[in-house]
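J.: Below is the sequence, then the predicted model.
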Amino acid sequence: MLFQISEPGESPTKVACKKRVVGIDLGTTNSLVAHVDDATAAVLDGDGGAMVPSVVAYSSAGVDPVVGRAAAARGLDAPADTIASVKRLMGRSLADVAAIQGLLPYQLVDDAGRMVKVRLGDGRELSPVQVSAAILGELRARAEAALGGPLDGAVITVPAYFDDAQRQATRDAGRLAGLEVLRLVAEPTAAALAYGLDRGTRGTYAIYDLGGGTFDVSVLILVDGVFEVRATGGDSGLGGDDIDRAIVRWAAGDGDGAVPATAPADARARRDIAGAIAAARAAKERLTDVESTAVAFTLGGRSVERAITRADLAAICAPLLERSARACRRVLRDAELGAADLDGVVLVGGSTRSPVVRDHVRAVFGREPLCELDPDHVVALGAAVQADVLAGGSSDVVLIDVVPLSLGIETMGGVVEKLIPRNSTIPCGATQTFTTYADQQTGFDLHVVQGERETADACRSLARFQLRGVPPMVAGAARVEISYQVDTDGILHVSAREEHSGVETHVEVRPSYGLTDEEVERMLMESFDHAEADLAERNLRVERIEAERILAATRTAMVQDAHLLDAEVAVATTAAMSALERLSAASDHVAIRTAIEALDRASKPFAERRMNLAIGAAMKGKTLADLERDLSGR
Ligand code: ADP
Ligand code: MG
């Protein structure tokens, strides 16, 4: 036993042996690092403040890239070698990012459908993980200089919508930057922590995060000091960048033509567009402090200069903010709440500094949002609080995030069986047992899918793997237990085990590409739109498979036991079979079910004779004792 030594009236002396841990907000536009010291979280400043633009500029091979403000400055001269917005590429294939490809001034290349790569001017190819690692490396160096030694770990934040591939890519980037990633935490959860919202006993909060590239809105529920992300939503095509482009289009007065969807091949034109966007961004940011300013740039050989007021900005943003309002309403609906049920709304992200955006949030939620903490810093501050907790610091907050889209497995006929429903709080898991459809089946192709639709082809394919070496058995005898586990980082682990043989495989699903917020949004919308049709399609597929199985079994029996089939039953059965065949090709599942039942009835006398004969054969020449022994399997 150890005794604490302390003088009366003095607090016991504690020798600091605290771990050096930090929280990192790895943003699309800006990144920053924060640290908890003496129970207070603070951002770590460098030259030019806390924000490090998430931009990495590469020069020749073997030379360390430049990160941050200096890199951003280089962007206009060397767009092909200056990588910005790399967060949008994390864990995603070229096909996934096709829609935004044109907005990026650098070149993307396909890597056989795996995570997209960036191709620099000299032909070097880099993974988004490497680029993100360069940003993290910069933050790590800043933190180590500020804290006076090597870091023991970091909590990195990710959007609540990040799927397994995107989270894994973020983790890999941390590791590549030499950081021990203690945990990935959802950005809204970090924001709530920064505000100390966990100190109450209960409460319901909306976290409104409008950054440079993405928009996230989440509902968090606090029950007995424990946070739960009740629902998340958003739109990745909505952020300050989109406002900047809208301002350029407005000022240039030629609509979409000013900023074409795909970057022009001509270097000069690209440079002009980037310059115009930078000017628009600066004007927008000025409008946060003043009522009116001017925006000036040169585009298409024409110089544009136009006065812009806050009211103009509000009008320009209106269509974008309408999309935000829709996402907010949807997330409230998902959480089964009304705006009046909220205890608070937290502002996150640089774009929420703008009074235009604040007015919008106030109108959508009908209340004054919380904004005492700098909305740019709040996520990093919360990540630092979480890192401190994990390093054995102060409080004992428990954070729970959710699975953004249901996770399921493809079964016969392409029908999806959902194991983990969407918005389940993580960590979570589910196990379900499946069987074989065909006789002598010795392997299974397992297909892990994500989405709300009833059929696998309408869902997102996450991984395919195989369970091999199952001993041949009759259909329906094998028992394959599939288990899904989503860990605290939101990464999915799948295992499959055949119970009789003990054959099993474990697969840590590392999907080759990710999922965008827009896709989540789209898939959700589609699942609402298609709910009825999907259910009908699912029923149809299930009934068709059942019909196929019964037709095959009846056909085999009619050949094997032809002598048991009298003419009348044969005619009725054959007629019922062809009716069923015909209806299976059509698409009325109720009609198929009725035809299956009709076939059952028509073939019943035949089935009964076969059954009696089978029992008779089993009993022949056996005593009751023999039979009992047979049945008990001895
Ligand atoms: P991300 O989370 O995407 O990295 P941030 O939260 O850092 O982004 O937000 C960056 C966005 O915030 C940019 O679009 C920037 O123009 C915008 N922003 C920064 N400061 C202001 C301001 N004072 N007024 C309006 N917008 C701002
Ligand atoms: Mg952010």
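T.: That came through fine. Ligands and ions are numbered 1, 2, ... in the order given.
J.: Give me the nearest residue to the closest residue to ligand 2 within the stretch 301-450 of the chain, chain neighbours excluded.
T.: Going by Cβ to the ion, ligand 2 is nearest to G349 of the stretch 301-450 of the chain, at 5.1 Å. Glycine gets a C-beta too; all of them are placed from N, C-alpha and C. Nearest residue to G349 in three dimensions, chain neighbours excluded: G211, at 3.9 Å (Cβ to Cβ, 6 or more residues apart in numbering).
J.: residues in contact with that neighbour?
T.: By Cβ atoms under 8 Å, 6 or more residues apart in numbering, the residues touching G211 are G27, T28, T29, N30, G239, G240, V348, G349, G350, S351.
J.: In a markdown table, list these along with pLDDT, distance to ligand 1 and neighbour count.
T.: A markdown table is the format used below for the contacts of G211 (pLDDT from 0 to 100; distance: Cβ to the nearest ligand atom, whole Å; neighbours: other Cβ atoms under 10 Å):
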| residue | pLDDT | distance to ligand 1 | neighbour count |
| --- | --- | --- | --- |
| G27 | 96 | 2 | 27 |
| T28 | 93 | 4 | 22 |
| T29 | 93 | 4 | 24 |
| N30 | 96 | 3 | 23 |
| G239 | 92 | 6 | 24 |
| G240 | 94 | 2 | 26 |
| V348 | 97 | 7 | 32 |
| G349 | 95 | 4 | 29 |
| G350 | 95 | 2 | 21 |
| S351 | 97 | 4 | 29 |
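J.: What strand or helix carries A296?
T.: According to DSSP states H and E, A296 maps onto strand 292-299.
J.: Please apply the same query to T204.
T.: strand 202-210.
J.: Remind me what that strand packs against, helices and strands.
T.: helix 187-194, strand 215-223, helix 310-334, strand 344-348, helix 355-365 (3 or more Cβ pairs under 8 Å, 6 or more residues apart in numbering; DSSP states H and E).
J.: now this protein, which segments are flagged as low pLDDT?
T.: Residues of the chain meeting the criterion pLDDT under 70: 1-18, 224-226, 254-258, 260-265, 393-402, 489, 508-531, 617-634.
J.: What parts of it come near ligand 1?
T.: 27-30, 211-214, 239-241, 281, 284-285, 288, 349-351, 353-354, 376 (Cβ under 6 Å from any ligand atom).
J.: try 5 Å
T.: 27-30, 211-213, 240, 281, 285, 288, 349-351, 353-354 (Cβ under 5 Å from any ligand atom).
J.: what's the most distant pair in those?
T.: T28 and T288 (19.5 Å; Cβ to Cβ).
J.: Tell me how far whichever residue of the stretch 151-300 of the chain sits closest to ligand 2 lies from V155.
T.: Closest contact between the stretch 151-300 of the chain and ligand 2, by Cβ to the ion, is at G211 (3.7 Å). Per Cβ to Cβ, to the nearest Å, G211 is found 18 Å from V155.
J.: quick one on the thing from earlier: pairing partners for the strand holding A296, with directions?
T.: strand 302-309 (antiparallel) (DSSP bridges).
J.: State the three-state secondary structure for the closest residue to S60 other than its chain neighbours.
T.: In space, and not counting its chain neighbours, S60 is closest to D122: 7.1 Å by Cβ to Cβ, 6+ apart. At D122 the chain is in coil, as set by DSSP: H, G, I helix; E, B strand; the rest coil.
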